[in-house]
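Trainee: Kindly return the folded structure for what I paste below:
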Amino acid sequence: MSRAQKKLPGEGRERSPFRGFINFILFLIVLGLLGWSLLFIAFAPDLPDTSKIWRQDRGPGTIVLAADGSELARLGGFTGKPVGYHEFPEDLRNAVVATEDRRFFSHFGLDVVGLGRAAWRNLLAGRVVEGGSTLTQQLAKNLYLSSERTFNRKIQEMFLAIWLESRLTKQEILTVYLNRVYFGAGAYGVSSAARLYFDKSVKDLTLAESAMIAGLLKAPSRLAPTQNPEAAAERASVVLSNMVAAGYIAPPRADQARNRPARVVSPRDVGGARHFVDWVIERLPDGLRATDRDLVVTTTLEPAVQRAAESAIAAALRANASRRVGEAALVALAADGRVRAMVGGKDYRASRYNRATKARRQPGSAFKPVVYAAALESRMRPDSTVDDSKVTVEGWSPVNFNGRYNGLMSMSEAFARSVNPAVVRLQERIGRDRVIDVGRRLGISSELKPIPSLALGSMEVGVMELTQAYMPFVNRGLAAEPYGIIEVRTTDGRRLYRHGPSQGRRAIHRQVAGDMKRMLQGAVSDGTGRGAAIANVGVGGKTGTSQDSRDAWFVGFAGDTVAGIWFGNDNGAPMRGVTGGGLATGAWRAFMAPALAAKPVAIRLPTPSVDATRSETGLEVLAKITDLVIDKVTEGDAADGSPSESAETAKGVIRWFLDQVPAGEPSPYPEANTDQPREDMGR
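Mentor: Numbering: from 1, shown residues only. As a prediction, this is how the structure comes out:
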């Protein structure tokens with residue numbers, strides 16, 4: 001055989017299909033590693049020094065200040081201390097792992113199985129229904145990244161997670177995570193959460209309490225048991241099921257925890273105004289709630305006014321305990337929407353539920369101003385005649401408190417005496433939809449159904465929103481959104497947020513507002529609100545009593561303050577002989593008299609702004625505008641040529657001032673004509 005005919009080793013053999021498959025897999029692996037390296041170069045941030053993690057010995061804290069600079073509360077990192085891995089109860093560690101990252105102790109920072117499952121479920125649903133982030137990824141985001149949802153940030157999060165896994169043990173990662181993550185209501189770190197929700201040390205948490213805390217991680221603000229106890233309990237039950245599925249606890253132990261669920265206990269050292277503090281923390285801008293910096297939040301609360309509110313509520317509840325009066329709430333607003341005082345219940349330690357902002361109750365006759373404002377918009381007048389005789393609408397016949405009818409009377413007299421058939425007849429004349437529309441413009445956001453009893457306050461509303469709805473009556477028809485935060489700074493003085501000048505929103509015509517203001521004053525001087533009268537003070541307002549004395553209200557104004565007060569029971573049980581014209585007006589007066597005498601709090605903001613919370617002369621307003629113009633001249637424009645912040649503020653204030661000038665707005669009334677007959681009702 002010639003040399004050319006010799007076969008080389010292996011020649012003539014068939015190539016193995018299995019060998020080709022292996023080569024293909026190896027090629028994909030190399031290609032994947034190459035792609036990963038390119039992504040690393042393109043997207044990886046400067047990888048941090050993990051030793052600095054341990055220098056951050058607590059989560060961020062929040063200091064809440066009153067308008068005068070006095071301290072209301074310290075939350076978050078200020079209330080807890082770092083906890084070591086073995087100080088965490090085993091149930092707490094297992095609850096977090098079972099719910100947030102079941103393969104935490106086996107993955108390398110990324111859960112490939114979890115990512116694949118989440119991608120498949122999201123694809124089937126056509127939207128994002130499940131995430132695939134591990135605890136390590138969550139920690140990386142918490143420590144180093146912003147909360148924005150972008151592809152770049154997600155890639156950076158993955159790299160950081162792998163980096164953390166290469167530098168820290170699993171125990172160290174879980175320890176840092178539990179010491180820094182947000183648990184709602186201003187609590188950063190599990191130590192703060194245990195103290196805030198259960199007033200105990202972390203090591204003393206029960207299984208039920210551990211499950212509730214672990215459940216908060218999904219949506220801490222929404223599930224916080226201080227704000228939504230039912231949702232927090234439901235989520236805790238899900239966590240217990242996850243622990244059973246992961247093999248951490250047996251089903252009987254989970255059932256035992258469900259039968260004895262965690263109960264929120266207020267800290268023993270709670271000061272006043274904590275319902276207000278909770279409300280303010282809820283309303284922090286989302287970007288600030290997720291920050292890793294200590295914050296100082298300056299609020300609108302005025303301590304002297306708050307003390308007057310707490311004293312009036314406490315005295316009224318003590319004096320009327322035998323009349324089955326169990327709870328109360330109060331909100332006081334300045335004309336620009338500033339919350340001057342808030343009482344959310346009898347005792348914050350006993351119940352963190354904020355009745356001033358969350359409860360919905362029937363307002364009774366305190367809703368009638370909405371109907372009368374709608375009537376005034378329909379070209380009726382305070383001296384128009386209405387009929388208080390018997391009326392039947394859809395088989396329902398309303399009656400007066402005393403069981404008698406009054407016949408024909410003026411609209412202002414019907415309002416002051418709070419008669420029922422007349423206002424129902426009035427509503428049917430102008431239309432229920434018009435009443436609802438006016439209610440919405442005034443600021444009522446709760447459901448209002450177009451039913452006959454709407455005129456008598458049968459639809460439930462909140463204390464805050466009903467008080468807000470009275471503001472346009474005393475503010476020339478302008479509505480303002482209630483607010484409690486003036487500004488937010490870091491502890492080193494960097495400003496992160498400031499509430500801008502309140503310009504108001506036109507809710508009703510100023511002439512309608514003026515007529516309503518006078519009618520409300522008449523209800524106090526000559527009607528059911530006499531108990532709220534204060535000597536030498538122009539007080540106006542309206543009482544409200546729901547059926548069977550389940551709710552007693554008074555919403556009114558004096559000076560530059562609009563305040564609403566409510567008494568009742570959380571379970572809706574009737575009180576004994578309690579009315580808005582009795583208990584509510586007396587307590588309101590007991591609050592308002594010292595509140596008016598309180599020294600005004602000077603709120604210092606970096607940029608001067610018009611204070612629309614009191615009646616000012618044109619010269620005073622012009623003086624403030626002049627100050628703003630001077631500020632504009634001295635500060636100059638921004639470096640990029642855009643208007644400076646003070647210039648924008650000045651423009652806003654000038655627009656507000658021009659809105660106060662009574663010109664150019666059409667009147668809702670017919671032209672003045674002595675020969676024109678007045679609108680009458682009932683004939």
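
Trainee: Just checking the distance from stretch 455-463 to the centre of its chain.
Mentor: 21 Å (CA atoms, centre = their mean, to the nearest Å).

Trainee: and it, which residues are buried?
Mentor: By neighbour count on 16 or more other CB atoms under 10 Å, the buried set for stretch 455-463 is 455-459, 461-463. Yep, even glycine has a C-beta here, placed from its N, CA and C like the rest.

Trainee: avg pLDDT for that stretch?
Mentor: Stretch 455-463 comes out with an average pLDDT of 97.

Trainee: related to what we said a few turns ago, next, format the buried residues of stretch 455-463 as CSV and append distance to Gly586.
Mentor: Output for the buried residues of stretch 455-463, formatted as CSV (distance: CB to CB, whole Å):
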residue, distance to Gly586
Ala455, 26
Leu456, 23
Gly457, 21
Ser458, 25
Met459, 26
Val461, 22
Gly462, 22
Val463, 17
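
Trainee: tell me which element Tyr470 is part of?
Mentor: Here Tyr470 sits within helix 463-474, counting by DSSP states H and E.

Trainee: Dump that helix to CSV, keeping only the CA atoms.
Mentor: Presented in CSV, the C-alpha positions along helix 463-474 are these (Å, rounded to 0.1, in the frame of the first residue of the first chain):
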residue,chain,number,x,y,z
VAL,A,463,-63.7,63.9,59.3
MET,A,464,-60.8,65.3,57.2
GLU,A,465,-62.7,65.5,53.9
LEU,A,466,-65.8,67.0,55.4
THR,A,467,-63.8,69.7,57.2
GLN,A,468,-61.9,70.3,54.0
ALA,A,469,-65.3,70.7,52.2
TYR,A,470,-66.2,73.7,54.4
MET,A,471,-63.0,75.6,53.6
PRO,A,472,-64.3,77.2,50.4
PHE,A,473,-67.2,78.8,52.3
VAL,A,474,-64.7,80.9,54.3
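
Trainee: Check which helices and strands that helix sits against.
Mentor: With contacts taken as 3 or more CB pairs under 8 Å, 6 or more residues apart in numbering; DSSP states H and E, helix 463-474 sits against strand 327-334, helix 368-377, helix 432-442, strand 478-479, helix 510-525, strand 540-545, strand 551-558, strand 561-568.

Trainee: run the last query once more with 7 Å
Mentor: Secondary-structure packing of helix 463-474 (3 or more CB pairs under 7 Å, 6 or more residues apart in numbering; DSSP states H and E): strand 327-334, helix 368-377, helix 432-442, strand 478-479, helix 510-525, strand 551-558, strand 561-568.

Trainee: Can you lay out these as CSV showing distance to Ala312, mean pLDDT and mean neighbour count?
Mentor: Shown next, in CSV, are the helices and strands packed on helix 463-474 (distance: least, CB to CB, whole Å; pLDDT from 0 to 100; neighbours: other CB atoms under 10 Å):
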stretch, distance to Ala312, mean pLDDT, mean neighbour count
strand 327-334, 7, 97, 26
helix 368-377, 23, 98, 26
helix 432-442, 26, 97, 19
strand 478-479, 26, 95, 20
helix 510-525, 17, 97, 21
strand 551-558, 12, 98, 29
strand 561-568, 8, 97, 28
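
Trainee: Quick check: next helix or strand after the helix or strand hosting Ser166?
Mentor: Following DSSP H and E, one finds Ser166 within helix 151-167. Downstream of helix 151-167, the next assigned helix or strand under DSSP H and E is helix 170-180.

Trainee: So which elements touch that next one?
Mentor: Judged by 3+ CB pairs under 7 Å, 6+ apart, helix 170-180 is in contact with helix 135-144.

Trainee: The helix it packs on to helix 151-167, inter-axis angle?
Mentor: Using axes from the mean of the first three to the mean of the last three CA atoms, to 10 degrees, one finds that helix 135-144 and helix 151-167 are set 110 degrees apart in direction.
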